[in-house]
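Colleague: Sequence and computational prediction follow.
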Amino acid sequence: MAFERRARKPSAPLDQLELYDYAVKALGRRMRSVAELKRLMRDKVEAGETGEQKIAAVVARLQEHRYLDDAAFAAAYTRLRQENDSFGRRRVELELGRRGIARDLVAQTVETAYQENNEEELARRYLARKRIQKPQDQKETARVMRRLMAAGFSVAIISRILRNWEIDFSEDDLQPSPGSLDGEPGSES
């Protein structure tokens with residue numbers, strides 16, 4: 001017996017009050033940037049100028065009530081990624097960019113957050129949290145390097161950690177492969 005998914009009927013566009021309630025509930029589930037919330041709301045309104053006006057009015061009202069603030073979102077997101085995931089600066093910058101935060105705000109927020117932290121210590125915490133041991137051969141060394149790059153740590157930090165482990169490696173080994181740091185963190189994180 002096959003189970004098939006029924007197609008949902010397209011729902012009627014929400015009015016401004018219903019859209020506001022929808023947005024508040026979405027923010028109650030998870031913190032979001034302005035761009036993320038706008039993407040969510042576009043599916044709930046009619047296409048075109050009328051829908052965009054509703055979205056703009058709801059966003060303005062949410063910002064007025066301080067439910068929506070990209071600067072506060074970026075600061076909280078950065079702090080959580082540092083404390084909980086022990087991610088490096090580059091990874092946090094990429095993720096904030098994907099969430100629609102302005103580049104200048106990302107740069108300012110990350111700079112402020114990471115100037116207080118020793119990034120090498122953060123990388124060591126990341127390795128401990130992921131239970132990554134000292135590599136025994138070249139293949140394991142490459143894996144550790146990829147994991148640290150995907151977690152957003154710089155080549156200088158990675159080479160310092162490997163030197164402290166007294167691992168033989170060449171500087172060419174630390175050169176990123178095409179596409180590895182151009183916006184796509186590795187899948188091993």
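Modeller: Received it, and whenever you're ready, just let me know what you need. Not measured: the values here are computed from a predicted model.

Colleague: what ranges of the chain fall below the confidence cut-off?
Modeller: 1-2, 7-10, 168-189 (pLDDT under 70).

Colleague: all helices for it, in order.
Modeller: 16-29, 34-42, 49-64, 70-80, 89-98, 103-115, 119-129, 138-150, 155-164 (DSSP state H).

Colleague: So which residue is dead centre in the chain?
Modeller: Closest residue to the average C-alpha location of the chain: Glu95 at 2.6 Å, with CA atoms, centre = their mean.

Colleague: tell me which residues in stretch 79-98 are buried?
Modeller: Going by neighbour count (16 or more other CB atoms under 10 Å), the buried part of stretch 79-98 is 81-82, 85-96. C-beta: built from backbone N, CA, C; applies to glycine.

Colleague: swap that for stretch 50-64, please
Modeller: Applying 16+ other CB under 10 Å to stretch 50-64 flags Gly51, Lys54, Ile55, Val58, Val59, Arg61, Leu62 as buried.

Colleague: Neighbours of Arg39, how many?
Modeller: 13 (other CB atoms under 10 Å).

Colleague: Contact partners for Tyr22?
Modeller: If a contact means CB atoms under 8 Å, 6 or more residues apart in numbering, then Tyr22 has Leu14, Met41, Lys44 as its contacts.

Colleague: Report whether the expected contact of the second one with Ile55 is present.
Modeller: Yes: under the criterion of CB atoms under 8 Å, Met41 is in contact with Ile55, at a separation of 5.0 Å.

Colleague: so what's in contact with those two at the same time?
Modeller: The contact sets of Met41 and Ile55 overlap at Leu19 (CB under 8 Å, 6+ apart).

Colleague: Let me know the closest of the contacts of Tyr22 to Ala102.
Modeller: Met41 (19.3 Å; CB to CB).

Colleague: and the nearest residue to Leu14 once chain neighbours are set aside, how far is that from Arg103?
Modeller: Once flanking residues are discounted, Leu14 sits nearest to Lys44: 4.8 Å by CB to CB, 6 or more residues apart in numbering. Going from Lys44 to Arg103 by CB to CB, to the nearest Å gives 28 Å.

Colleague: ok, back up a step: Throw the helices of the chain into a markdown table and include distance to Phe3, thanks.
Modeller: Below are the helices of the chain laid out as a markdown table (distance: least, CB to CB, whole Å):
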| stretch | distance to Phe3 |
| --- | --- |
| helix 16-29 | 27 |
| helix 34-42 | 28 |
| helix 49-64 | 34 |
| helix 70-80 | 38 |
| helix 89-98 | 34 |
| helix 103-115 | 44 |
| helix 119-129 | 39 |
| helix 138-150 | 37 |
| helix 155-164 | 48 |
